[in-house]
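A.B. asks: just to be clear, the model below is a prediction. Sequence and coordinates:
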Amino acid sequence: NLSSISGEDGGGGGGVTTQVAPAGDTTQRNTDGSVKPGNVVRSQNDQRLTVSQLIPPKLCNHGATTDDLLEISYLGIVVDTGAVFDGSAIKINGEAIPGRANDVSLFFVLGKQPFGQFPPGWDVGLEGMCVGERRRLIIPPVLAYGSTGVPRRGIPPNATLQYDITLVSINGLATPQ
């Protein structure tokens, strides 16, 4: 369930803030109504994803949809610290990240990625994106890696993440459609 909240992101990038999931209190509760241990009271405000278009596509008649194979390049930053934690062309100690074979882009299927591989906010934020377009996604913790984070990758618990993503191809086609 997706609804647009506003057309302003404060950065002048034509951002749209999108609210994801059902309205109201989204707190995990016991049958008596008390908050389950280890949980905090959450509301719909916790589930707002901001999408800003940084570079518009030159042509766009076909945007990305669920089940499309997307090739992207990206850079991930922890908003609170400004620390870069990941990117398609990032190297660790001068070495390529295992499994990426020195590629500067990566592939994934929109709406079908394994849980935890990429933040769930990507499925919402990349929907409708076109080849050649660059977007900035500001993803809240609940749509990223939540209360556990991914410490081995430099993502602390409850971190809001920023991704700058360029769509290189859709289903192997790198020409604007």
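C.D. replies: That came through fine.

A.B. asks: I'd like the average pLDDT over the host helix or strand of residue 108.
C.D. replies: Under the criterion of DSSP states H and E, residue 108 resides in strand 106-109. If you average the pLDDT over strand 106-109, you get 88.

A.B. asks: one more: stretch 150-168?
C.D. replies: Taken as a whole, stretch 150-168 has a mean pLDDT of 93.

A.B. asks: what do you get for stretch 33-52?
C.D. replies: Summarised as a single mean, pLDDT over stretch 33-52 is 73.

A.B. asks: ends of that stretch, how far apart?
C.D. replies: 38 Å (CA to CA, to the nearest Å).

A.B. asks: host element of the residue nearest the centre of the chain?
C.D. replies: By CA atoms, centre = their mean, the chain has its centre lying nearest to residue 122, at 3.3 Å. When elements are assigned from DSSP H and E, residue 122 belongs to helix 121-125.

A.B. asks: buried ones in the host helix or strand of residue 71?
C.D. replies: Using DSSP H and E, residue 71 sits within strand 69-78. Across strand 69-78, burial judged by 16 or more other CB atoms under 10 Å covers 70, 71, 72, 73, 74, 75, 76, 77, 78. The way it works is simple: take the backbone N, C-alpha and C, and place the C-beta from them, glycine included.

A.B. asks: for stretch 162-177, same thing?
C.D. replies: Across stretch 162-177, burial judged by 16+ other CB under 10 Å covers 162, 163, 164, 165, 166, 167, 168, 169, 170, 176.

A.B. asks: inside strands: which ones of the residues you listed?
C.D. replies: Mapping the buried residues of stretch 162-177 onto strands (DSSP state E) picks out 162, 163, 164, 165, 166, 167, 168, 169, 170.

A.B. asks: picking that back up, can you tell me the strand partners of the strand holding residue 71 and which way each runs?
C.D. replies: strand 84-87 (antiparallel), strand 106-109 (antiparallel), strand 161-170 (antiparallel) (DSSP bridges).

A.B. asks: relative to residue 86, which of the ones in strands among the buried residues of stretch 162-177 is nearest.
C.D. replies: Of all these, residue 86 sits closest to residue 163, with 8.8 Å by CB to CB.
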